[in-house]
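> Below is the sequence, then the predicted model.
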Amino acid sequence: MAFDGIVLSAVIGELRLALIGGRIDRIQQPTDDDLVLIVRAGRTNHRLLLSSNKAHPRMHLSTRFALPNPVNAPMFCMLLRKHLEGGRIKTIAQLERERIAYIDIEARNELGDLTTRRLMIEIMGKHSNIALLDQADGVIIDATNHTPASVNRHREVLPGRRYVYPPAQAKVDPYKEDRDGYLQRRTNDRSPLSRFLVDHYMGVSPFFGKAAEYAVNQRPALTPAQEWEVVTDLLGRARRLQQPTVVFDAQNRPSAFYPFVPEQIHGRTESYATLSEAIDVYYQELAIADIIRSKTGNYLRLAKNEIEKNRHKIDKLAAQLNARDEAEGWRVRGELLTAYLYQLQKGVTEVVLPDFYHENQPLAIALDPAKTPLENANSYFRRYQKYNKGRHKTEEQLDLAKTDLVYWESVVHELEAATMDSLEMIEAELRDSGLLKNTPSLRSIRHKKPSVGCAIYQTSDGTKVLVGRNNQENDHLTFRVAKKSEFWLHVKDAPGSHVILRSDAPSEATLYEAALLAAHFSRFKNAAKAPVDVVPIKALWKPNHARPGFVLFMGQRTLMVAMDADVIRRLLEPSKP
């Protein structure tokens, strides 16, 4: 279900019970759009998440939204700490049934006087925002997203401007509607029920409208009055929070949440004690994936630019090396001119001589009329010598460009498969590679080096399998963790994770399952089949000055594995270290 006014109303009911009178101990801002308020209430610490994320705006209590905080807190976070930390929550309310909520916090100012600040939360898609107001006169102190007059001249959202509510909609609060009002509206508008509810009632999303329409359609030939009873029953169940429910799809991923048990279900369902918990479960993967995409989007663009640069460089260097036949022609022309020097005179632009390298076939040779025949011959020799001198360097540059291409393709792969746990290490790697620059503020701080970890799985017979999630982890696993007698697996000729099978003598079935994991954590993830190289750790080595994740090996065998979704799903169940 969408986070509409109906859901917001139910969430606020939960928040009032849990947080009114609570003290705000800490404020965190892990991303530009997400705030976490640590509230001490009822001898319990609660984590209140406020998000103005354009794709997933919401507010609820959260235990699963755990992101690392930036080294330097954003300015808006520092401002909230100044005005709100240590304050107590007095009011949590919703503007009618709109997707707008506010929290009034009583705190002391710099002079020690009690003042009330208001935190506005607007859950409105791409226009979502969080603003801090001076409640005394409604002036905006600051907001997560600024809206100047050039964007919206009717409603500026800037520090120092008076806060203006979004334009009111000519709709009715569904919880204040009565039977007669509904019947009158329904008589004048016989459009499909879902459309009717969205058009006439505040806070009703198409998602709730579809759920109501489905419930009505399960009871054929209902009169408008009976239809009203079904709709009010759904609204009442949403308000009373009868078994908040999350629906999971065939891949066991959350596909929808409801403040009640829905009548139309496609997939497995699970009920939760609170709506906040159900929302937390539903958005856990969606929100994190969206944050990762926003963080890695620029990195992906830079890495793909490096790939294009290296491909262009490879083509250019290969073209230079392919000029070998032409260079041989320069040498032959120089030698022919030298051999027939006595027959040649200065001032001609071309001469045809028998080529004794090719059965005396006639060969036309271009000449510079301003030069003597000997000078023309030396000119051809110089061009040939220049090519030979640069050829060795060109071959070195070509090998280096090919190695860099493989590296940047691996970077793109690890960015596309990044998790919040691995993102910090990937960023460190990109800084080391020179793709990201260290700003003065970053250079002035002594960073704790990101801890190197890995993903741990196990095969059917209980053998541990270690999987690197980025190039730094790949190097660490292969050359520091793995024993010489264990086995290393990697997809053939494509970016992917280093996989370590912790066994000296694995069975063929165990090797095959480890190869499936290697294929899954690679570019072949969505392919039908994948080739995977298997080699003992002792047969691996890393060249001097090689990029992270780059290894050489010999004596490998290649397994062709079929991507069995059921087996992979079972293998992906995390194993304890």
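Alright, I've got the coordinates.
> Which other helices and strands does the longest helix along the chain contact?
As assigned by DSSP state H, the longest helix anywhere in the chain is helix 275-321. Helix 275-321 sits against helix 5-19, strand 58-61, strand 245-248, strand 254-258, helix 373-416, helix 420-433, with contacts defined as 3 or more CB pairs under 8 Å, 6 or more residues apart in numbering; DSSP states H and E. No exception for glycine: its C-beta is placed from N, CA and C like everyone else's.
> buried stuff in whichever helix or strand comes after the second one?
If I follow you right, that is strand 58-61. Using DSSP states H and E, the helix or strand that follows strand 58-61 in sequence is helix 75-84. Within helix 75-84, the residues that count as buried by 16 or more other CB atoms under 10 Å are Phe76, Cys77, Leu79, Leu80, Arg81, His83, Leu84.
> Helix 75-84: what's the following helix or strand?
Criterion used, DSSP H and E; the element after helix 75-84 is strand 88-94.
> Remind me what that following strand packs against, helices and strands.
Applying 3+ CB pairs under 8 Å, 6+ apart, one finds that strand 88-94 makes contact with helix 5-19, strand 23-31, strand 100-108.
> Apply 7 Å and report the result again.
Identification of packing neighbours for strand 88-94 by 3 or more CB pairs under 7 Å, 6 or more residues apart in numbering; DSSP states H and E yields helix 5-19, strand 100-108.
> what mean pLDDT does it have?
The average pLDDT within strand 88-94 is 96.
> related to what we said a few turns ago, so can I have TSV of the helices and strands packed on strand 88-94 showing mean neighbour count, distance to Gln184 and mean pLDDT?
Conversion of the helices and strands packed on strand 88-94 to TSV gives the following (neighbours: other CB atoms under 10 Å; distance: least, CB to CB, whole Å; pLDDT from 0 to 100):
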stretch	mean neighbour count	distance to Gln184	mean pLDDT
helix 5-19	21	22	95
strand 100-108	19	28	95
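> among those, which is nearest Ala212?
Smallest distance to Ala212 across those (CB to CB): 10.4 Å, for helix 5-19.
> what's in contact with the closest one?
For helix 5-19, the external contacting residues (CB atoms under 7 Å, 6 or more residues apart in numbering) are 1, 39, 41, 46, 48, 59-61, 89, 92-94, 97-99, 101, 123, 202-204, 208, 238-239, 241, 259, 274-276.
> before we move on, the earlier item: how far is whichever helix or strand comes after the longest helix of the chain from where the chain is centred?
With elements assigned by DSSP H and E, the helix or strand that comes after helix 275-321 is helix 324-339. Remark: helix 324-339 is offset 57 Å from the chain centroid, using CA atoms, centre = their mean, to the nearest Å.
> List the strands paired with the following helix or strand past helix 324-339, with their directions.
Moving toward the C-terminus from helix 324-339, the next helix or strand (DSSP H and E) is strand 350-355. Using DSSP bridges, strand 350-355 pairs in its sheet with strand 361-366 (antiparallel).
> immediately after the worst-scoring helix or strand of the chain on mean pLDDT, which helix or strand?
Lowest mean confidence among the helices and strands of the chain (mean pLDDT, DSSP states H and E): helix 440-443, at a mean of 43. As assigned by DSSP H and E, the chain's next helix or strand after helix 440-443 is strand 455-458.
> And that next one, what does it pack against?
strand 464-467.
> Parallel or antiparallel, which strands does the strand it packs on pair with?
When DSSP bridges is applied, strand 464-467 pairs with strand 455-458 (antiparallel), strand 499-501 (antiparallel).
> Can you tell me what sits against that strand?
For strand 464-467, contacts defined as CB under 7 Å, 6+ apart pick out 454-459, 477, 481, 497, 499-502, 514, 517, 521, 575.
> 10 Å instead, please
453-459, 473-474, 476-478, 481-482, 486-487, 489, 496-503, 506, 510, 513-514, 516-518, 520-521, 571-572, 575-577 (CB atoms under 10 Å, 6 or more residues apart in numbering).
> Tell me the confidence at Thr439?
So, for Thr439, pLDDT stands at 53.
> my bad, Ser451
pLDDT, Ser451: 61.
> Now do the buried residues in stretch 533-549.
Asp533, Val534, Val535, Pro536, Ile537, Leu540, Arg547, Pro548, Gly549.
> Out of those, which is nearest to Val348?
Using CB to CB, those come closest to Val348 at Arg547, 54.7 Å.
> Hmm, that closest one is touching Val411, no?
Yes: taking CB atoms under 10 Å as the definition, Arg547 is a contact partner of Val411 at 9.2 Å.
> Could you pull out the residues contacting both of those two?
Glu429, Ser433, Asn471.
> circling back to that earlier point, redo the buried residues of helix 75-84 as TSV? Include distance to Leu19 and pLDDT.
TSV is the format used below for the buried residues of helix 75-84 (distance: CB to CB, whole Å; pLDDT from 0 to 100):
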residue	distance to Leu19	pLDDT
Phe76	21	96
Cys77	20	96
Leu79	21	96
Leu80	16	96
Arg81	18	95
His83	18	95
Leu84	13	95
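> could you dump these to a markdown table with distance to Glu229?
Formatted as a markdown table, the buried residues of helix 75-84 follow (distance: CB to CB, whole Å):
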| residue | distance to Glu229 |
| --- | --- |
| Phe76 | 47 |
| Cys77 | 48 |
| Leu79 | 49 |
| Leu80 | 45 |
| Arg81 | 50 |
| His83 | 47 |
| Leu84 | 44 |
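> wait, doesn't Ala168 sit right on Met202?
Yes: with contact defined as CB under 10 Å, Ala168 reaches Met202; the gap is 9.2 Å.
> Need the residues touching each of these two.
Contact criterion CB under 10 Å, 6+ apart; residues shared by Ala168 and Met202: Leu95, Glu96, Glu98.
> wait, isn't the first one in contact with Ala168?
It stands for Leu95. Yes: using CB under 10 Å, Leu95 makes contact with Ala168 at a distance of 9.2 Å.
> more neighbours, the two?
Counted by other CB atoms under 10 Å, Leu95 and Ala168 do not tie: Leu95 has more neighbours, with 17 against 10.
> Look up how far Arg58 lies from the more buried one.
Distance, Leu95 to Arg58, by CB to CB, to the nearest Å: 16 Å.
> what residues are up against Val261?
Arg237, Gln242, Gln243, Pro244, Thr245, Val247, Thr269, Ser271.
> what about the nearest residue to Ala225 once chain neighbours are set aside, helix or strand, and which?
With CB to CB, 6 or more residues apart in numbering as the criterion, Ala225 has its nearest non-adjacent residue at 6.4 Å, and that residue is Leu183. Assigned by DSSP H and E, Leu183 belongs to helix 179-188.
> CA atoms only: put that helix into PDB for me.
Only the C-alpha atoms of helix 179-188 are listed here, as PDB (Å, rounded to 0.1, in the frame of the first residue of the first chain):
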ATOM      1  CA  ARG A 179     -23.500   8.000   5.100                       C
ATOM      2  CA  ASP A 180     -25.700  10.700   3.500                       C
ATOM      3  CA  GLY A 181     -22.800  12.700   2.200                       C
ATOM      4  CA  TYR A 182     -21.300   9.600   0.600                       C
ATOM      5  CA  LEU A 183     -24.500   8.600  -1.000                       C
ATOM      6  CA  GLN A 184     -25.000  12.100  -2.500                       C
ATOM      7  CA  ARG A 185     -21.500  12.100  -3.900                       C
ATOM      8  CA  ARG A 186     -21.900   8.600  -5.300                       C
ATOM      9  CA  THR A 187     -25.100   9.500  -6.900                       C
ATOM     10  CA  ASN A 188     -23.500  12.300  -8.800                       C
END
